[in-house]
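Asker: here you go, sequence then predicted model.
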Amino acid sequence: MTRVKRRWNEMLVIVGLASLLGCQGLGPKQQQTQGPGQLTPSPASIGFGNVQIGTTQSIGGSVVNTGGSGITISQITVSGTGYSISGITAPVTLAVGQSANFNVSFAPTTAGSASGNIAFATTNGTTNIGLSGTGVAAGDLTTNPTSINFGTVVVGSTSPQTETLKNTGGSNLTVTAATVSGAGFSYAGLTLPLTLVPNQASTFSISFAPTVAGASSGNLSLTVSGSTTSVDIALSGTGVTPGTLTPTPTSVSFGSVQVGNSASSSETLTNTGGSSLTISAASASGAGFSLSGLTLPLTLNAGASTSFTVHFSPSGSGTFSGSVNITSTGSNPNLSIPLSGTGVTPGTLTPNPASMTFTNVQVGQSPTQTETLKNTGGSNVQISQVTASGTGFSVSGFTPPVTLPPGQSTSFSVIFTPPSAGNFSGSVSITSDASNSNLSVPLTGSAVGATQTTLSVTNPISVGSVFDGLSGTQSGTLTASGGTVSVSSVTLGGTNPAEFSISGLTFPVTVTTSQPVSFTVTFTPAASGAASATASFASNASNSPTVTTMTGTGTPAPVHTVSLSWVASATQGITSYNVYRAIFGGSSCGSYSNIGSTSGTVTTYTDNVVTDGTTYCYATTAVDPNGESVYSNIVQAKIPAP
């Protein structure tokens, strides 16, 4: 039976074209009293279309006496290669209005068109029925390539190759089954059953993914409908272990190295795996470490080695650690070789901060800042004296002498107590046996007259509803009254402090009476429901700390689906409908894939697996015993972004 592709003539409606055999009925017999017999054939000519060589196709016909008296068919002659008639034998006499049925068969033995004729010789002349048909060769499945050798493939990886199937015969063929054998071999992209019209090709992939080292062979066997033999594609490949970098030594320790000097050590990398690898990058991390002698990229065959040099040049005293980091295509693609070394220098004191500033301190107040001294040298430092100079400045919390081993720190407090409004300067002097034995930390301060200053903050701050997993923001404002306020920090507390954060402030923050300071509250709900937290701003205002309440509500993110419906096909015998989907790329729909099916009586479908912010294209097809229709009209659905 010839398959007819169906077209769609309205939205999501499948319209089938049914093949109808039109027959003209005979009217009532009319009494003929005179005139000769007349032989009329039905149909007047017979066309068989394409018929596969080696098969036979039959079509029925008839002749009727439409004349006014009886007629005798004395001889029936069939001409044309491959044609024959059955069901009628001459001589045969037909009364007025009487008919005779017969079957005409076409059984081609060669490819090509063939014409013929049936001649009915009667007492009143000869009646002819023209015959036509085309013999076509059977479908023939060929493969390209006919065999695949994957060569060497690293164990744990996959090597795909493309295979093409083509029907080089003259009629349709159907691949009904595919069976792959052999360890590590598989195929993908071949959807069965696969029907190929003459000269049509289809491609898919065959892959080799070895799990063990060694040679492997296999076969992909394809079954063609109606054939007693299979089409086989021989498969072969060899699994090899991946390349592996092994360092010698596995770690490098430089011991103690004088600051300003450099020490070197040789490092060797060997490929101890079963296949080649390529080193694409090599670097040394950690203060004072470097490497030389590698030219990249570098390919190492199995068993091959390369050497390079690692250097350590400490810039200060102390223990240093780092690593040589090797990037390669081996099984250990990110190899790390630990490095360590100790830099030895004289003891050195490093202050933190290097200078101090006290801003807008009210007369009568005594703010404090912390100064830390660290021994960043390579030997002990003994601090014998710490003093402060300058009006209003003093130190506390330090009792000499203090000994600092390398890397150790000590802290003390610096206090500013201005006697009056104005600007002041001074310093902290540290006396020690370090390389910088007379260290000075500059001090500056500004003082204002005593006033009653207050700090206010937006309260409450409501972020509102936010989808779970996302973030919402709301702004807040710090306002000063009665004078300038210095805000030193903010602390979050309350019920859900982890779900809130404050940004836009770098402490200390100065808030003047004419210039409020804005900040941003971010709410990131961890679960659905109401959440709250507090923010406490510490400052030099009289009402410090100043507290505000932050609130927000987490709400579940919406879940989207796409509901499709279509008008049932008018074609009889629909067994099912298939639903196809593609992603819209901005100007056109991408490749379609089958996402589901319904029975022939169901004309709705719901797509429950969609991604937010994506636009999809949908189409349906109808399936009957003759096959599947072309796509319906295309509809689009845009899923909202979160």
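Answerer: Everything's here; your move. Please read all numbers here as calculations on a predicted model, not as lab measurements.
Asker: and the protein, what are its domains?
Answerer: Domain ranges of the chain: 39-136, 141-240, 245-344, 354-445, 454-555, 562-638, per automatic domain parsing.
Asker: can you classify residue 477 by secondary structure?
Answerer: With DSSP: H, G, I helix; E, B strand; the rest coil as the basis, residue 477 sits in strand.
Asker: check contacts around it.
Answerer: Applying CB atoms under 8 Å, 6 or more residues apart in numbering to residue 477 gives the contacts 457, 458, 516, 517, 518, 519. Glycine gets a C-beta too; all of them are placed from N, C-alpha and C.
Asker: pretty sure residue 432 contacts residue 386?
Answerer: No - contact criterion CB atoms under 8 Å: residue 432 and residue 386 do not qualify, at 9.3 Å.
Asker: residue 185 against residue 206, yeah?
Answerer: Yes - here residue 185 reaches residue 206: they are 6.9 Å apart, a contact under CB under 8 Å.
Asker: list just the nearest of the contacts of residue 477 to residue 355.
Answerer: residue 517 (24.7 Å; CB to CB).
Asker: for the closest one, give its distance to residue 624.
Answerer: Counting by CB to CB, to the nearest Å, the separation of residue 517 from residue 624 is 74 Å.
Asker: where does the protein dip in pLDDT?
Answerer: 1-34, 450-451 (pLDDT under 70).
Asker: okay, which residue is most central for it?
Answerer: Among the residues of the chain, the one closest to the centroid is residue 611, at 12.0 Å (CA atoms, centre = their mean).
Asker: quick one, what contacts that residue?
Answerer: Each residue near residue 611 by CB under 8 Å, 6+ apart is listed here: residue 639.
Asker: dihedrals phi and psi, it?
Answerer: phi -110, psi 130 (degrees, to the nearest 10).
Asker: name the residues contacting each of residue 185 and residue 206.
Answerer: In contact with both residue 185 and residue 206: 220, 235, using CB under 8 Å, 6+ apart.
Asker: please enumerate the strands of the stretch 151-300 of the chain.
Answerer: Taking DSSP state E, counting those that start in this stretch to define them, one finds strands in the stretch 151-300 of the chain at 159-167, 173-181, 185-188, 194-196, 201-208, 214-224, 231-240, 245-248, 252-258, 263-271, 277-285, 289-292, 298-300.
Asker: between those, which one is nearest to residue 378?
Answerer: Residue 378 lies closest to strand 252-258 among the strands of the stretch 151-300 of the chain, at 8.5 Å (CB to CB).
Asker: buried stuff in the closest one?
Answerer: For strand 252-258, a neighbour-count test (16 or more other CB atoms under 10 Å) marks 252, 254, 257 as buried.
Asker: what strands flank that strand, and is each parallel or antiparallel?
Answerer: Its sheet considered, strand 252-258 pairs with strand 334-344 (parallel) by DSSP bridges.
Asker: partners of the helix or strand that comes right after the strand it pairs with in the sheet?
Answerer: Going down the chain from strand 334-344, the next helix or strand is strand 349-352, by DSSP states H and E. Take DSSP bridges as the rule and strand 349-352 pairs in its sheet with strand 368-375 (antiparallel).
Asker: dump the helix or strand just after the partner strand to CSV, restricted to CA.
Answerer: Toward the C-terminus, strand 368-375 is succeeded by strand 381-389 as the next helix or strand (DSSP H and E). This file holds the C-alpha atoms of strand 381-389, laid out as CSV (Å, rounded to 0.1, in the frame of the first residue of the first chain):
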residue,chain,number,x,y,z
VAL,A,381,62.5,40.7,69.4
GLN,A,382,62.5,42.3,72.9
ILE,A,383,60.4,45.4,73.3
SER,A,384,61.7,47.5,76.2
GLN,A,385,59.5,50.6,76.0
VAL,A,386,56.2,52.0,74.5
THR,A,387,55.4,55.7,75.1
ALA,A,388,52.9,58.2,73.6
SER,A,389,53.7,61.8,72.8
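Asker: buried sites along the next helix-or-strand element following strand 381-389?
Answerer: Counting by DSSP H and E, the next helix or strand C-terminal to strand 381-389 is strand 393-396. By neighbour count on 16+ other CB under 10 Å, the buried set for strand 393-396 is 393, 394, 395.
Asker: quickly list what the nearest residue to residue 595 once chain neighbours are set aside is bridged to.
Answerer: Using CB to CB, 6 or more residues apart in numbering and skipping residues adjacent in sequence, the residue nearest residue 595 is residue 581, 4.8 Å away. Beta-bridge pairing for residue 581 (DSSP bridges): residue 593, residue 618.
Asker: return the residues in contact with residue 581.
Answerer: 592, 593, 595, 607, 616, 617, 618.
Asker: of those, grab the buried ones for ChimeraX.
Answerer: Entered in ChimeraX, the line below selects the buried ones among the contacts of residue 581, by 16+ other CB under 10 Å:
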select :592,595,607,616,617,618
